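> pasting the structure only:
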C-alpha cells in the first residue's frame, strides 16, 4: 500500500467522551489485519507539552522513549497497539505557534504577513504528514495508516485552526485516503429514561458546517442504543444506519475493539479507504484480545492493593500505574481491588484534625495484600508515605516504590534502621544534616519544562543471583525503562544503607545512580527510580508490577521456582475453539475484498 491512509477522530457534545479509547481501538483493529498503524494526538492548548501540568489538570504526564512529556492518551495508543511513539506524535497549539514564529524570525516567509490561514494551517498539515511517516513498530517499517485524535470538542474556539487544517488536508491527501470518525454522546436523562439524539444532531451539523463530513458516527451511551435511535441519527445526520456505531459502557475498555468489530467498523474502513488486503481473516492477535476481555470479566480470585499517593482524587493522575497493576492482575487471573489513600490522611496532623479520616485511611492500608507508592513532586503527603513504607517494611507487606516511592523507602530506612531521624530529601528539607536524596547535578532549577532526567535509560544489574527483579526481568544483564525525575539517591550514603540490608541491585551505566533497590529478608520490598508502568502492555505486564501482584497473592516464590514462566492456562493463547470461532466472525464481518498487486500480508 503506497498512499498513507488518515483517519481523523473528532468529538462532540462533551470532552472525555472516549475519543482516546476509540482511537486506540480502531488502531488495534487495523493492526489485526496486518497493517502498521501510527497515531497522533492533537491538543489545542498553548502549552508546548504536558510536562508542567498538575495531574489534576489533564491526568498523568506520559513519558516516551525520547523523553517527550505528552498527553496520557499516547499511553493508551502505545498499550493498545504495542507501538513506540515519539514526542512529535503529540501536537499542541504551543508547538505549532512556536514553529511558525521561529520560521518568521528566520525570514522563511519572505516578508509576508503571517496568518492563521494559510501559515498555521499549513504548518499543522505539514506536521501531520511528516510524523505519519515515522516508524513506530519494532520492524522500523513505514506506517500504513495514521489515526489522529483531535482533542477537545467541535466548536471549541482554540480548536478552530486544527479543524480548518483538516478541512484542507482531506483535499491535499485525497478523499480516498482520508476518513472522519465523529464520537458523540447520546445522553439518557433520568427524568425521561429516553435516549436523546439532539446533542449528536447539533454536533454533526456544526462539524459539517466547518467542512468535515463524518463517515462514521460513534454514539457513546450508558446503555446500548435502541434501533430507533440509530435510525433517527442516520436520518438527521446524513449517514446510512450501518454508519452509526453504538458504543455503550462496558465492563472494561478491552471490550471496545471487539464491540467495533461486531458492527463491521473494520469492514467499512477497509472499503472506504480502499485498503487492499488478501484473505480477509484475523490473525492470532485479535483472538488474544478477546481472551483478555473475557479474563477481565471472569477472574479466578482477587488481590487487594493500596496506592498511597497525593493525587488520588482523580484516577487519571495514576492511569499508567493502575493499568500496570491491572495488566499484572489479569495475567495472574486476579481481579484487582485497588484502593487509593491520600498520603496526608496517614499523618499525625490528620489524626489531630479529622481522626475519623485518619483511622479510615489506616484501616485500608492495614487490610491490603500489597502496597504501591508511585511518583510525585512536592512535600505534601511525604510523611504519610514514609509511615506507609515503614508499615510495609515492618509487617512484611509486599511493597513497590516507583520514582519518589523509591526515595521514600530510602528516607524511611535511614530514619528507622540507621537511626538518622532527620534523614530527608533536599527537595523537602534543604537544610537536613542527612541528605539521603539530592538534586541531580545536571538539573536546571531556573526552568521547569523539559529539564528533568527524561526518557528511556539503561540500568545495569550489579547483583544478579539474589535479585528478585533480575529474575523477573528474564535474567538479563540490563534493562531499559523510562525515567522522569529531578532527584536521586545520594551515593555518599549507599555503603551505610547496604551495610544494614538495603541492596542497590541496579545502577546507571556510569555506576553513579542507584536505579533498583531490594530489601533482604522481606517477601517483596522493591523500589525503582524509573517508571516501568510506561512500558506495560495488556498481554505483557511490567515485571516489577507483576512481582508485586504475585507477592501479594503469595505466589511469587513458586513463580520464580518455575523459572518465571506462566502456566499454559495463564497464556492468552489458551483455547483454540474460541480462536476458530472469532476467525469465522471476523471473516464474515470483513466480507470479500478485491485482490490487488499491493497486498498486505496478514500472516
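Received it, and whenever you're ready, just let me know what you need. Computed from a predicted model, the values in this text were never measured in an experiment.

> just give me the neighbour total for the closest residue to residue 176 other than its chain neighbours.
Using CB to CB, 6 or more residues apart in numbering and skipping residues adjacent in sequence, the residue nearest residue 176 is residue 274, 5.5 Å away. Yep, even glycine has a C-beta here, placed from its N, CA and C like the rest. Number of residues near residue 274 (other CB atoms under 10 Å) recorded here: 14.

> quick check: phi and psi at residue 274.
Dihedral pair for residue 274: phi 50, psi 50, per degrees, to the nearest 10.

> gap between it and residue 167?
21 Å (CB to CB, to the nearest Å).

> equivalent analysis for residue 30, please.
Residue 30 is 24 Å from residue 167, where distance means CB to CB.

> doesn't residue 519 make contact with residue 503?
Yes - using CB atoms under 8 Å, residue 503 is in contact with residue 519, at 7.4 Å.

> neighbour-wise, which of the two wins?
Regarding residue 503 and residue 519, a neighbour count based on other CB under 10 Å identifies residue 519 as having more, with 21 against 17.

> report the spatially nearest residue to that one, omitting neighbours in sequence.
The spatially closest residue to residue 519, leaving aside those adjacent along the chain, is residue 525, at 3.7 Å (CB to CB, 6+ apart).

> count of neighbours near the one you found?
Residues near residue 525, counting by other CB under 10 Å, number 26.

> show me where the stretch 301-450 of the chain has strands.
Under the criterion DSSP state E, counting those that start in this stretch, strands of the stretch 301-450 of the chain are mapped to 301-309, 334-342, 370-373, 399-402, 424-425, 435-439.

> so what touches stretch 13-21?
Under the criterion CB atoms under 8 Å, 6 or more residues apart in numbering, residues 9-11, 41, 72-73, 76-77, 149-153, 183-185, 187, 199-200, 203, 220, 247, 253, 256 lie in contact with stretch 13-21.

> any of those buried? List them.
With burial judged by 16 or more other CB atoms under 10 Å, the buried subset of these is 9-11, 41, 72-73, 76-77, 149-153, 183-185, 187, 200, 203, 220, 247, 253, 256.

> which of those residues fall in strands?
The members of the buried ones among the contacts of stretch 13-21 that map onto strands under DSSP state E are 9, 10, 11, 41, 149, 150, 183, 184, 185, 220, 247.

> quick one on the thing from earlier: can you report phi and psi for the residue nearest to residue 519?
According to degrees, to the nearest 10, residue 525 has phi -120, psi 90.

> I'd assumed residue 394 was in contact with it.
No - the criterion here is CB under 8 Å, and residue 525 misses it with residue 394 at 10.4 Å.

> got the contact list for the residue nearest the centre of the chain?
Centroid-nearest residue in the chain, with CA atoms, centre = their mean: residue 75, separated by 2.7 Å. Residue 75 sits next to 60, 62, 319, 320, 323, 534 when contact means CB under 8 Å, 6+ apart.

> closest to residue 377 among these?
residue 60 (12.3 Å; CB to CB).

> I'd assumed residue 364 was in contact with residue 308.
No - contact criterion CB under 8 Å: residue 308 and residue 364 do not qualify, at 9.4 Å.

> neighbour-wise, which of the two wins?
Using other CB under 10 Å, the more surrounded residue of residue 308 and residue 364 is residue 308, with 32 against 17.

> look up the closest residue to that one, ignoring the ones flanking it.
residue 388 (4.5 Å).

> how close does the residue lying farthest from the centre of the chain get to residue 27?
Using CA atoms, centre = their mean, the residue of the chain lying farthest from its centre is residue 111. It sits 43.2 Å away. Residue 111 sits 43 Å away from residue 27, going by CB to CB.

> then residue 295?
Remark: distance between residue 295 and residue 27 (CB to CB) = 21 Å.

> who has more neighbours, those two?
residue 27 (25 against 22).

> shouldn't that one be in contact with residue 37?
Yes - counting by CB under 8 Å, residue 37 is a contact partner of residue 27 at 4.4 Å.

> which residues do those two both contact?
In terms of CB under 8 Å, 6+ apart, residue 27 and residue 37 are both contacted by the residues 81, 145, 147.

> most neighbours of all these, which one?
residue 147 (27 neighbours).

> shaky segments in the protein?
1, 278-285, 442-451, 568-570, 573-603 (pLDDT under 70).

> mind redoing it with 50?
Low-confidence segments of the chain (pLDDT under 50): 279, 576-603.

> burial count for residue 500?
13.

> please read the previous query as pertaining to residue 176.
11.

> check residue 172 too.
Residue 172, neighbours per other CB under 10 Å, totals 16.

> equivalent analysis for residue 422, please.
Residue 422, neighbours per other CB under 10 Å, totals 12.

> residue 370 and residue 225: what is the separation?
According to CB to CB, residue 370 and residue 225 sit 40 Å apart.

> should've said residue 344
44 Å.

> then residue 567?
Distance from residue 567 to residue 225, by CB to CB: 41 Å.

> these two: who's more crowded?
Neighbours per residue (other CB under 10 Å) separate residue 567 from residue 225, with residue 225 holding more: 22 against 10.

> surely the more buried one is in contact with residue 186?
Yes - applying CB under 8 Å as the test, residue 225 and residue 186 come out as touching, 5.8 Å apart.

> who touches both of those two?
195, 219.

> hang on, the earlier thing: so who does the residue nearest to residue 308 touch?
Applying CB under 8 Å, 6+ apart, the residues contacting residue 388 are 306, 308, 341, 343, 346, 365, 371, 373.

> count the neighbours of the residue nearest to residue 413 when sequence neighbours are not counted for me.
Once flanking residues are discounted, residue 413 sits nearest to residue 502: 5.4 Å by CB to CB, 6+ apart. As a burial measure, residue 502 scores 23 neighbours (other CB under 10 Å).

> and residue 502, backbone torsions?
phi -90, psi 110.

> hmm, back to that, neighbour-wise, which of residue 30 and residue 167 wins?
Neighbour totals were compared for residue 30 and residue 167, and residue 30 leads with 24 against 15 (other CB under 10 Å).

> you'd agree that one is up against residue 266?
Yes - with contacts counted by CB under 8 Å, residue 30 reaches residue 266, the gap being 7.3 Å.

> before we move on, back to that, of the contacts of residue 388 - the most surrounded one?
Each of the contacts of residue 388 was scored for neighbours by other CB under 10 Å, and residue 308 scores highest at 32 neighbours.

> any figure for the gap between that residue and residue 106?
Counting by CB to CB, the gap from residue 308 to residue 106 is 50 Å.

> now residue 379
44 Å.

> between those two, point out the one with more neighbours.
Set residue 379 next to residue 106 and count neighbours by other CB under 10 Å: residue 379 wins out with 12 against 8.

> quick check on the closest residue to the more buried one other than its chain neighbours: phi, psi?
Sequence neighbours aside, residue 428 is the residue nearest to residue 379 in space, at 4.4 Å (criterion: CB to CB, 6+ apart). Dihedral angles of residue 428 (phi, psi; degrees, to the nearest 10) stand at phi -100, psi -30.

> appreciated, that's everything.
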